[in-house]
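[1] pasted the sequence and its predicted model underneath.
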Amino acid sequence: MSDGRKSTFSLDEIEPPPLRIRGESFPEKLLRKGKEEPFVPIGCVATTYFLVSGFNSFRHGDAVRSQKMMKGRVMAQGATIAALAMYAGYSSLGGYEKIAEKLTNYSKIAVDTYGPGDEKGKGK
């Protein structure tokens, strides 16, 4: 179904394809998060150590050491959860700069509301 005419166009009429932004891969994200939140991977490694060591002690019949390792696992797991909560709170507040800014604003509001404290710690 050609009518014999050649189609002509210039390169200026063609729009370039949109740029694709490459997201970070899993290993890149894992490394970045490990640098941003170092206590979480440390806690995971400690938890794994206590778990594996406790299972090995249980398998070899050393009940006392197995119990100690399981208690250590619970403590390491709790510390890891606490680190996760700390980092989540930190990131939700926007980092140290924003936390300091919010505290400064709160202290200004308190001074405006209650006045500067005297030497006894009381307001106006």
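    Looks like it came in fine.

[2] now do stretch 24-42, average pLDDT.
    Looking at stretch 24-42 alone, the average pLDDT works out to 89.

[3] stretch 82-102 now?
    Confidence over stretch 82-102, taken as the mean pLDDT, stands at 77.

[4] where along this protein do the helices fall?
    Using DSSP state H, the helices assigned to the chain run over residues 26-36, 39-59, 63-93, 96-114.

[5] report all helices and strands that the longest one contacts.
    Using 3 or more C-beta pairs under 8 Å, 6 or more residues apart in numbering; DSSP states H and E as the contact criterion, the neighbours of helix 63-93 among helices and strands are helix 39-59, helix 96-114. For the C-beta atoms, the positions are set from N, CA and C on the backbone; glycine is no exception.

[6] one step back: mind putting the helices of the chain in TSV, distance to Pro16 included?
    Rendered in TSV, the data for the helices of the chain read as follows (distance: least, C-beta to C-beta, whole Å):
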stretch	distance to Pro16
helix 26-36	27
helix 39-59	42
helix 63-93	36
helix 96-114	38
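
[7] got a markdown table for those, with distance to Leu19 and mean neighbour count too?
    Formatted as a markdown table, the entries for the helices of the chain read as follows, by distance: least, C-beta to C-beta, whole Å; neighbours: other C-beta atoms under 10 Å:
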| stretch | distance to Leu19 | mean neighbour count |
| --- | --- | --- |
| helix 26-36 | 19 | 11 |
| helix 39-59 | 33 | 16 |
| helix 63-93 | 28 | 14 |
| helix 96-114 | 31 | 11 |
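
[8] how about residues contacting stretch 18-29?
    Under the criterion C-beta atoms under 8 Å, 6 or more residues apart in numbering, residues Arg32 lie in contact with stretch 18-29.
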